[in-house]
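A.B. asks: Dropping the sequence and predicted coords here.
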Amino acid sequence: MSNSDQQSPGTSSPAAAVAGDRRFFGHPRGLMTLFTTELWERFSYYGMRAILVFYLTDTIANGGLGIDTALGNAVVSIYGTGVYLLSVVGGWMADRVIGARRSVLWGGIIIAAGHVSLSLPAAGFSWLGIILVALGTGFLKPNVSAMVGELYTREDPRRQSAFSIFYMGINLGSFFSPIVVGIVREAFGYHAGFLVAAIGMAFALVFYVMGRRLLAGAGEMVPNPIRPEERPAVVRLLVAVAVVVVVVYLLAALVSGGFGLTSVIDALSYLAFLAPIAYFVAMYRSPKVTDPERSRVLAYIPLFVAAMLFFMIFEQAATTLATYARDQTVLSIFGMSLSPEFFQSVNPAGIILLAPVFAWLWIRTNDRPPTPYKFAIGLGLAALSFLFLAAASAMAGGERTPAWVLGLVYVIQTVGELCLSPVGLAATTLLAPRAFRGQAMALWFLAPAAGQAITAQLVQATEGIEPTAYFGGIGVVALAFTLVLLALSPWVVRKMRSADALEGVHTSGD
C-alpha cells in the first residue's frame, strides 16, 4: 500500500479541497469526472446486457452460441447475480485494501478487457468476457457512488443534487446504449455490438484517468485498512469463504449430476440465497447490536423479501422480457420498425422523466405513506405488470402482441421501481445496526442478487411453458406477497417506531 493511499492528519479532505468549486452546474468539476465515467460505464454495461441473451440463444449460423432459450435466460440472470455478489467483494476491497479510486480504475480495465473478449468470435472468449465484465463491474459499481459522496460534507446542501445529477448520467447511458448497440448488432452482428460496448468502456476510462486531478484525492484513502494484527483473522476469513464457495459448488454439481454450466448457475444461486440469511443471522446475534436495533432488523426482513421478489421481476428486462420482445412482440409501431433491444431503453427514459415527479410527490406528502407501504406499492406494480402481460398474451391467442403492450409493462415496472428502489436504499441505511452501517450497501445488493438467482432457477424449471402461464404464475405469487406485506405493514411500522422511541429518536414519518 503506497503512501498516497493514506491521508495524513494535516491533509484537507476532498470535500474541503473542492468546497469553492462550482464550475459544473454549481458543483465541483470532480462530479463531472464521475458523471461521465458512470455514463459511459453504464452505456457499456447495458449495451452488452441488451444483446447478451440474444447472442447466447441465437443459432451458430446467425453468429450466436446456440444454447436453448431457458438456459440462456438462466445464464443472463445468474450473470446479474454474480455482479451484485461481486459488488460486495469490490466494496470490501475498497474499504480494506486498495481504496475506491483504484477499485474503480481496475474494475474499469477488467470490464474493458471483458467487452473486448466478447467482441472476438469464439465461444471461449465469450465466456471469459462474461466473467470479466461481472468481476470488473463488482469492483467499479459500489465505489463510484462512494466517491461522489466524498466530494461533499454531510451538511453540504448540494449533496442530494449531486447524486441526482450523477444518477441522470446512469440513466442517459442506459437509455442510449440498447438503441445504439441494437442498431449495430442488426447491421454488423453480435460481436460488433459487443465492440461498441468496449468502446463505451474505453471512453469511461479516458474520462476517469484524465479527470483524476479534479477529484482532489477522493477515493485515494483506504477507509479501514487491514492492520498487521488483523491479517491472520482476514486470511482465515478469506480461506473460510473460499471453502464455502467450493463446498457449495460441489453440492450443486452433485445435485445437477455433473460439472458444467448448470452446476455453476446452481452454485451461484445457492450462494445468493445463503448470503442474506447469513447477514441477518450475524446482525441479529451480534453482541454489538442493541435490542432496539434487533427490532429494526426484524422489521427489515419483510422489506428485504419484498425487494428480492421485486427485483426477481424487474431484472427480467434483459431475459424473459427480452426474448418475449424478440419472439412474441410486433416489432413496429406507427409504421416504424423497432429492434427487440429498444424496449430496454423504456425504463431509463421513464426514470429520467418521472424521478423528479416522485421526488416532488414525496416532499408534498411529507414522505408518506410509510416505508413498508411504499414497498408494497412497488412490488404490487411489478406483479400487475406481469399479470397484464399474461392477459395480453392470452388474448393474442398465440399471435404476437402489439409493441405498446411490452412498452407499458416496462413503464409500470419503472413506476414500481421509483416507489421501492430509492426508498429501499434509504431504509437499509436507516434500519441496519450501527455496527453494520458501513455494510448496508452490501446488504441491499443482496436483494437483486437473490432475486435474479430465483429467476435463474425459475426459467429452467418452467422451460417450455407458455408466456401466459409463466408471467401469470409469477404475477399471482408476487401479488399474494404484496397482500401479505400490506397485512404486515402496521407491525413493521410499530417495530420501527418502538425502536426509535427506545433510543429517544423523534420520527416524523417512516
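C.D. replies: Yes, it's here.

A.B. asks: distance of Val409 from Gly136?
C.D. replies: Distance, Val409 to Gly136, using CB to CB, to the nearest Å: 31 Å. C-beta coordinates here come from the backbone N, C-alpha and C atoms, glycine included.

A.B. asks: which secondary element of this structure has the worst mean pLDDT?
C.D. replies: Across the helices and strands of the chain, the lowest-confidence element by mean pLDDT, DSSP states H and E is helix 14-17, at a mean of 74.

A.B. asks: Give me the helices and strands touching whichever helix or strand comes after that helix, please.
C.D. replies: Sequence order places helix 29-57 as the next helix or strand after helix 14-17, per DSSP states H and E. If contacts are counted by 3 or more CB pairs under 8 Å, 6 or more residues apart in numbering; DSSP states H and E, helix 29-57 sits against helix 69-93, helix 99-118, helix 123-150, helix 159-188, helix 190-210, helix 320-328.

A.B. asks: Tell me the helices and strands packed up against the second one.
C.D. replies: Under the contact criterion of 3+ CB pairs under 8 Å, 6+ apart, the helices and strands touching helix 99-118 comprise helix 29-57, helix 69-93, helix 123-150, helix 190-210.

A.B. asks: And for the fourth one?
C.D. replies: Based on contacts counted as 3+ CB pairs under 8 Å, 6+ apart, the elements that helix 159-188 packs against are helix 29-57, helix 123-150, helix 190-210, helix 346-364.

A.B. asks: Next up, the contacts around Leu430.
C.D. replies: Shown in contact with Leu430 (CB atoms under 8 Å, 6 or more residues apart in numbering): Arg296.

A.B. asks: just the one 4 residues further on next, same as before
C.D. replies: Contacts here follow CB under 8 Å, 6+ apart; on that basis Arg434 touches Lys288, Glu293.

A.B. asks: hang on, the earlier thing: with distance to Pro370 as extra columns, can I get the helices and strands packed on helix 29-57 in a markdown table?
C.D. replies: A markdown table is the format used below for these (distance: least, CB to CB, whole Å):
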| stretch | distance to Pro370 |
| --- | --- |
| helix 69-93 | 27 |
| helix 99-118 | 33 |
| helix 123-150 | 26 |
| helix 159-188 | 21 |
| helix 190-210 | 39 |
| helix 320-328 | 31 |
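
A.B. asks: Looking at the helices and strands packed on helix 159-188, spot the one closest to Leu268.
C.D. replies: Proximity to Leu268 (CB to CB) singles out helix 123-150 among the helices and strands packed on helix 159-188, at 10.0 Å.

A.B. asks: the inter-axis angle of the longest helix that the chain contains versus helix 320-328?
C.D. replies: For the chain, the longest helix by residue count, based on DSSP state H, is helix 467-502. For helix 467-502 against helix 320-328, the angle by axes from the mean of the first three to the mean of the last three CA atoms, to 10 degrees is 160 degrees.

A.B. asks: circling back to that earlier point, out of the helices and strands packed on helix 159-188, flag the one nearest Pro340.
C.D. replies: Taking the helices and strands packed on helix 159-188 one by one with CB to CB, helix 29-57 is closest: 7.0 Å.

A.B. asks: Next, the angle helix 99-118 makes with that closest one.
C.D. replies: Using the same axes, to 10 degrees, helix 29-57 lies at 30 degrees relative to helix 99-118.

A.B. asks: which parts of helix 29-57 are buried?
C.D. replies: By neighbour count on 16 or more other CB atoms under 10 Å, the buried set for helix 29-57 is 29-57.

A.B. asks: Centre of the chain to that helix, how far?
C.D. replies: Helix 29-57 sits 12 Å away from the centroid of its parent chain (CA atoms, centre = their mean, to the nearest Å).

A.B. asks: highest average neighbour count across the helices and strands packed on helix 159-188?
C.D. replies: Each of the helices and strands packed on helix 159-188 was scored by mean neighbour count; the highest is helix 29-57, a mean of 26, by mean count of other CB atoms under 10 Å.

A.B. asks: pLDDT weak spots in the chain?
C.D. replies: 1-12, 19-21, 154, 160, 367, 437-438, 503-510 (pLDDT under 70).

A.B. asks: domain ranges for it?
C.D. replies: For the chain, the structural domains run 21-225, 229-286, 290-504, going by automatic domain parsing.

A.B. asks: Tell me which of those approaches Ser13 most closely.
C.D. replies: For Ser13, the closest of the domains of the chain is domain 21-225, at 7.6 Å, according to CB to CB.

A.B. asks: before we move on, back to that, can you list the neighbours in contact with the least confident helix or strand of the chain?
C.D. replies: With contact meaning CB under 8 Å, 6+ apart, helix 14-17 is reached by Gly30, Glu150, Leu151, Tyr152, Thr153, Asp156, Leu215, Ala216, Gly217, Ala218.

A.B. asks: coming back round to it: distance to Ala15 added to the domains of the chain, as JSON lines?
C.D. replies: Converted to JSON lines, these look like this (distance: least, CB to CB, whole Å):
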{"stretch": "domain 21-225", "distance to Ala15": "5"}
{"stretch": "domain 229-286", "distance to Ala15": "28"}
{"stretch": "domain 290-504", "distance to Ala15": "18"}
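
A.B. asks: what's around Val83, how many residues?
C.D. replies: Residues near Val83, counting by other CB atoms under 10 Å, number 23.

A.B. asks: Thr323 touches Ala70, doesn't it?
C.D. replies: No - with contact defined as CB atoms under 8 Å, Thr323 does not reach Ala70; the gap is 9.6 Å.

A.B. asks: between the two, who's got more neighbours?
C.D. replies: The neighbour comparison of Thr323 against Ala70 (other CB under 10 Å) goes to Thr323, with 23 against 20.

A.B. asks: Can you point out the buried residues in the longest helix of the chain?
C.D. replies: 467-468, 470-475, 478-479, 481-482, 485-486, 488-489, 492-493, 495-497, 499-500.

A.B. asks: cool, and stretch 214-224?
C.D. replies: Leu214, Leu215, Ala216, Gly217, Ala218, Gly219, Glu220, Met221, Val222.

A.B. asks: ok, now stretch 454-469?
C.D. replies: Across stretch 454-469, burial judged by 16+ other CB under 10 Å covers Ile454, Thr455, Ala456, Gln457, Leu458, Val459, Gln460, Pro467, Thr468.

A.B. asks: Pull up the gap between the fifth one and Thr401, please.
C.D. replies: This means Leu458. Going from Leu458 to Thr401 by CB to CB gives 21 Å.

A.B. asks: what's the angle from whichever strand or helix holds Ala426 to helix 467-502?
C.D. replies: Per DSSP H and E, Ala426 falls inside helix 403-431. Our comparison of helix 403-431 with helix 467-502, counting by the same axes, to 10 degrees, yields an angle of 20 degrees.

A.B. asks: can you give me the angle helix 403-431 makes with helix 346-364?
C.D. replies: Interaxial angle of helix 403-431 relative to helix 346-364 (the same axes, to 10 degrees): 50 degrees.
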